[in-house]
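Asks: What follows is a predicted protein model with its sequence.
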Amino acid sequence: MWWRRWLPACLAWGCVAALCGSRGLCPAPNASRPEPGQCPRRGAAELCAWALSSDSLLDPFPVDVIQENYVRNVKNCIFSIVYPTPFKSRVRLVAVSEDVLENILDLDVSVKGLSDFLEFVSGAKVIFGSVPLAHRYGGHQFGSWAGQLGDGRAHLIGVYTNRHGERWELQLKGSGKTPYSRNGDGRAVLRSSVREFLCSEAMHYLGIPTSRAASLIVSDDDVWRDQFYNGNIKKERGAIVLRLAKSWFRIGSLEILTHSGELDLLRRLLDFIIQEHFPSIAMNDSNRYLEFFSTVVSETANLIAMWMSVGFAHGVCNTDNFSLLSITIDYGPFGFMDSYDPNFVPNTSDDERKYKIGNQASVGLFNLSKLLQALKPLLDPRQNQLASQILEGYGEYYYSRFTELFKTKLGLLGENENDNFLIAFLLKEFWALQDLGKHKLFSEWVTMYLLRLNSNKGDSDTKRRTRMTTVNPRYILRNWMAESAVQKANSNDFSEVQLLEQVLQHPFQRQEAAERAGYSLHPPAWAKHLKVSCSS
Ligand code: AMP
Ligand code: MG
């Protein structure tokens, strides 16, 4: 229904138009798209003629019938139409991912110098074709059903289909209140936004499925946060990350529909997700939901095994933070282990240590059981039984992926019945890798390892070394590195954010600038007691 999209856009236009400059980014909803020739410079030309579309998300589903922006319980829809709230103060560009701009968004990097670009990525201007949306979802948080959550501070500003035919959903995070903001202010502070920007890009370059980040801006608007929940409320600054994913749907996207008995919408959303993102599943296959479930089970196992292979703890493994595409999303109080410790908890707000790194695989299983619960009304008894069997296979699948990844890290080729033992032995004793050589069992382990290497067929030390250096990163985003970049950024020195963004693009390659910064060394003494909480 054409009016459904234009009406809110027209209503919002008054306030948005006031923020628009004379050129480009926010033509009236029915204006024609500017031609590149009408724009002055190269980057400008590309941005001027650049467009998003929200049609593919709006057309298939009923939209929230209420269009005023106030906090409420929302029913019978997948999205609410709601515009970002621009900052009142000046905004500055902290960093961009040139790779995302050029290779995903088809933009010349020179756009980053344009004021139009700054306004676009800070939510002050609406791109042609965009109808900003907030997604309604629920979730299980720390084991219990939490009811309606939703995009409380994020706006899905549209879909971009790039020159490779890839479809990317663009989201601003920290861009103001929505109907799902509950008690929140709709904002995100600079420290957590720096961490999300850097880590999502770093994970991509580590080869781990993840959302991406295009840009990070900071405002001078005050945002008040009690960082460690100890009554010490401090003034911070609001920031926005422009982040991208092929899809932002989560386990909680389906759960809320089942919980509120909206089964027709559940089926429609699921069919949409399968059609758009699971091309190997036939839409006329009566087992398609089962196949979907089976894929999410194996891909989630794969994702968590990959997290473990680089020592990444997500920190908040709630079902609302678990993607249906099995990519890493919603970076909050995550952390990389500085030395091996299965009890590592990155999030100081996680008192019960529920999401410690050693629990991630089993939490994945719990989350998938909640996904199955959400799908149950759509499965017949036979499919239900098969789905339970699929879920039972999760553990075995996870361990086979985990073993495969660690074998690669250790340079092992072929099969050997003792490989699991070799890996478990290495990890079991909580060996701090930095002190590996000093461990009482080290020589015993090395003897086993060397023996095992002898069974690598057609291998040599040089070949093995090359293989191992391409899978064992020299640089990861350790907490102290992110913290150092955040502290500088707090005083408007964005150089370390930018340096890290560059360095982490090549995590396996020795880089002079990174060595000078100490990124491959043990964490400095000041970083010993660094903490990260849920506050963001
Ligand atoms: P997170 O822990 O960031 O995954 O957020 C969990 C839920 O709380 C999501 O529904 C968020 O949109 C919401 N939320 C978190 N912070 C805020 C905030 N400052 N304002 C509004 N909603 C928020
Ligand atoms: Mg979240």
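Replies: Thanks, I have the structure now. Ligands and ions are numbered 1, 2, ... in the order given.

Asks: what's around Gly467, how many residues?
Replies: Quick fix: residue 467 reads Arg, not Gly. 18 (other CB atoms under 10 Å). Every C-beta, even on glycine, is put in place using the N, C-alpha and C of the backbone.

Asks: ok, now Ser247?
Replies: 21.

Asks: I'd like the distance between it and ligand 2.
Replies: 15 Å (CB to the ion, to the nearest Å).

Asks: any low-confidence regions in the chain?
Replies: 1-45, 430-436 (pLDDT under 70).

Asks: any chance you could map the strands in it?
Replies: Taking DSSP state E, the strands of the chain run over residues 79-81, 91-96, 133-135, 138-141, 144-148, 154-161, 167-173, 188-189, 212-226, 233-245, 312-313, 335-336.

Asks: elements contacting the second one?
Replies: Translated: strand 91-96. helix 115-121, helix 190-205, strand 212-226, helix 495-503 (3 or more CB pairs under 8 Å, 6 or more residues apart in numbering; DSSP states H and E).

Asks: contacts for that strand?
Replies: Residues from elsewhere that reach strand 91-96 (CB atoms under 8 Å, 6 or more residues apart in numbering): 109, 112, 117-118, 121-122, 124, 190, 194, 197, 214-220, 239, 489, 492, 494, 497-498, 501.

Asks: Same list as before, the helices and strands packed on strand 91-96 that is, but in TSV and with mean neighbour count included.
Replies: Shown next, in TSV, are the helices and strands packed on strand 91-96 (neighbours: other CB atoms under 10 Å):
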stretch	mean neighbour count
helix 115-121	21
helix 190-205	25
strand 212-226	20
helix 495-503	20
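
Asks: Rebuild these as a markdown table, extending it with distance to ligand 1.
Replies: Listed next are the helices and strands packed on strand 91-96 as a markdown table, based on distance: least, CB to the nearest ligand atom, whole Å:
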| stretch | distance to ligand 1 |
| --- | --- |
| helix 115-121 | 19 |
| helix 190-205 | 8 |
| strand 212-226 | 8 |
| helix 495-503 | 20 |
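
Asks: Identify the residues contacting whichever residue of the stretch 101-250 of the chain sits closest to ligand 2.
Replies: Relative to ligand 2, the nearest point of the stretch 101-250 of the chain is Leu149 (7.3 Å; CB to the ion). Contact partners of Leu149, counting by CB under 8 Å, 6+ apart, are Tyr137, Gly138, Gly139, Gln141, Tyr180, Arg182, Gly252, Asp320.

Asks: Just the buried subset of those residues, please.
Replies: Tyr137, Gly138, Gly139, Gln141, Tyr180, Gly252, Asp320 (16 or more other CB atoms under 10 Å).

Asks: With only the CA atoms kept, save stretch 474-485 in PDB.
Replies: The C-alpha coordinates for stretch 474-485 follow below in PDB (Å, rounded to 0.1, in the frame of the first residue of the first chain):
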ATOM      1  CA  ARG A 474      49.100 -11.900  15.700                       C
ATOM      2  CA  TYR A 475      46.700  -9.100  16.600                       C
ATOM      3  CA  ILE A 476      43.300  -9.300  18.200                       C
ATOM      4  CA  LEU A 477      41.300  -6.500  19.800                       C
ATOM      5  CA  ARG A 478      42.400  -6.900  23.300                       C
ATOM      6  CA  ASN A 479      40.500  -5.000  26.000                       C
ATOM      7  CA  TRP A 480      43.500  -2.700  26.800                       C
ATOM      8  CA  MET A 481      43.800  -1.800  23.100                       C
ATOM      9  CA  ALA A 482      40.200  -0.900  22.800                       C
ATOM     10  CA  GLU A 483      40.400   1.000  26.100                       C
ATOM     11  CA  SER A 484      43.400   3.000  25.000                       C
ATOM     12  CA  ALA A 485      41.600   4.000  21.800                       C
END
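
Asks: Could you list the buried residues of it?
Replies: Arg474, Tyr475, Ile476, Leu477, Arg478, Asn479, Trp480, Met481, Ala482, Glu483, Ser484, Ala485.

Asks: Out of those residues, which sit inside helices?
Replies: Those of the buried residues of stretch 474-485 mapping onto helices are Asn479, Trp480, Met481, Ala482, Glu483, Ser484, Ala485, per DSSP state H.

Asks: Buried residues of stretch 324-341, list them for me.
Replies: Buried-residue list, stretch 324-341, by 16+ other CB under 10 Å: 324-338, 340.

Asks: what distance separates the start and the end of it?
Replies: 29 Å (CA to CA, to the nearest Å).

Asks: cool, stretch 300-319 as well?
Replies: Stretch 300-319: ends 12 Å apart by CA to CA.

Asks: Mind checking if it is in reach of ligand 1?
Replies: Yes. Using CB under 6 Å from any ligand atom, we find that stretch 300-319 touches ligand 1 at Val316.

Asks: Which single residue of the stretch 201-350 of the chain approaches ligand 1 most closely?
Replies: Asp330 (4.5 Å; CB to the nearest ligand atom).

Asks: Contacts only, for that residue.
Replies: Contacts of Asp330 by CB under 8 Å, 6+ apart are Val316, Asp320, Asn321.

Asks: Same question for Val100.
Replies: Residues near Val100 by CB under 8 Å, 6+ apart: Glu201, Arg212, Ala213, Ala214, Leu244.

Asks: Please identify which pair of the buried residues of stretch 474-485 lies farthest apart.
Replies: Spanning the widest gap among the buried residues of stretch 474-485 are Arg474 and Glu483, at 19.7 Å by CB to CB.

Asks: No more questions from me, cheers.
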